[in-house]
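Participant: return atomic coordinates for the entry below.
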Amino acid sequence: MKNIWQNRALALAGILQALHSVQQIARYGNAPTDAITASLASIFKLNPESAEDVYGGIGKLSTGLQILNQQLNKKRYRADPELLRYLINIMYLEQKLRNHPKLLGEITYKIQLLEQQTEDIRSIQPDTIAQLADIYLNTISTMTPRIQIRGEETHLKQPENIERVRALLLASIRSAVLWRQTGGSRLHLLLYSRQLSQETQILIQYLSEGNEGSA
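Facilitator: Predicted coordinates for the structure are as follows:
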């Protein structure tokens, strides 16, 4: 995929898919396994060949693309202020992380080490999720602002959910890195939302025609 705007749309969809799963876990105690697995698997794609390679194909981002389309089309859909707040905070944390090369190096090293211990990143197991959560807790979570997740206290107190939320926040940071690598910025969200919307709809149409790989 050579279209830089499509690459940016994929990166944004990656962030939103991970954050949407966080929302669902916080509110309802669960989220679709396919969406969670695709988001977490992207963490291990440190040297991808393309933007879609980060996620194992465009089809793995179908949920994120639909959410992105809704957030960009304000005339047809109602914006989700909470989700957008998470998005901006993630982008801000990724920006701060760039100014902490030692911390970034630590994250990279731990992910590479975990990848060597993981039999199949396409099927993320609970122990892998726990270790990803630990990476987030001891690195990203030490920076400010810390992301405050809203939801039902019953769900947010369960250890399994805490680990999944932290691992998904790490996944959202990984997609934020891709967004930055494609030249994306917070200014692009404001000034080029129409361009992003058009490319997102092209990707959604591409998937609706039964395609899965590169557009």
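Participant: the nearest residue in space to K110 that is not next to it in sequence and H188, how far apart?
Facilitator: Distance criterion Cβ to Cβ, 6 or more residues apart in numbering; nearest residue to K110, sequence neighbours excluded, is I135 at 4.9 Å. All C-beta spots, glycine's among them, are computed from the backbone N, C-alpha and C. If you measure I135 against H188 using Cβ to Cβ, to the nearest Å, the figure is 28 Å.
Participant: looking at these two, which one has more neighbours?
Facilitator: Here I135 and H188 are set side by side on neighbour count (other Cβ atoms under 10 Å), and the busier one is I135, at 21 against 17.
Participant: my guess is the more buried one contacts I107, does it?
Facilitator: Yes. The pair I135 and I107 qualifies as a contact (Cβ atoms under 8 Å) at a distance of 6.3 Å.
Participant: can you find the helix or strand in the chain with the smallest mean pLDDT?
Facilitator: helix 186-191 (a mean of 84; mean pLDDT, DSSP states H and E).
Participant: outside of that helix, which residues touch it?
Facilitator: With Cβ atoms under 8 Å, 6 or more residues apart in numbering as the test, helix 186-191 has contacts from R8, I88, M91, L196.
Participant: for stretch 30-46, same thing?
Facilitator: Outside of stretch 30-46, the residues that reach it under the criterion Cβ under 8 Å, 6+ apart are 14, 17-18, 20-22, 24-25, 53-56, 60-61, 63-64, 108, 111-112, 114-115, 118, 121-124, 128-129, 132, 164, 167-168, 170-172, 174-175.
Participant: let's see that with 7 Å instead.
Facilitator: Residues external to stretch 30-46 that are found in contact with it (Cβ atoms under 7 Å, 6 or more residues apart in numbering): 14, 17-18, 21, 24-25, 53-56, 60-61, 63, 108, 111, 115, 121-124, 129, 132, 164, 167-168, 170-171, 174-175.
Participant: now, of these, which are buried?
Facilitator: With burial judged by 16 or more other Cβ atoms under 10 Å, the buried subset of the contacts of stretch 30-46 is 14, 17-18, 21, 24-25, 54-56, 60-61, 63, 111, 121, 124, 129, 132, 164, 167-168, 170-171, 174-175.
Participant: so of those, which ones are in helices?
Facilitator: When those are checked against helices (DSSP state H), the matches are 14, 17-18, 21, 24-25, 63, 111, 129, 132, 164, 167-168, 170-171, 174-175.
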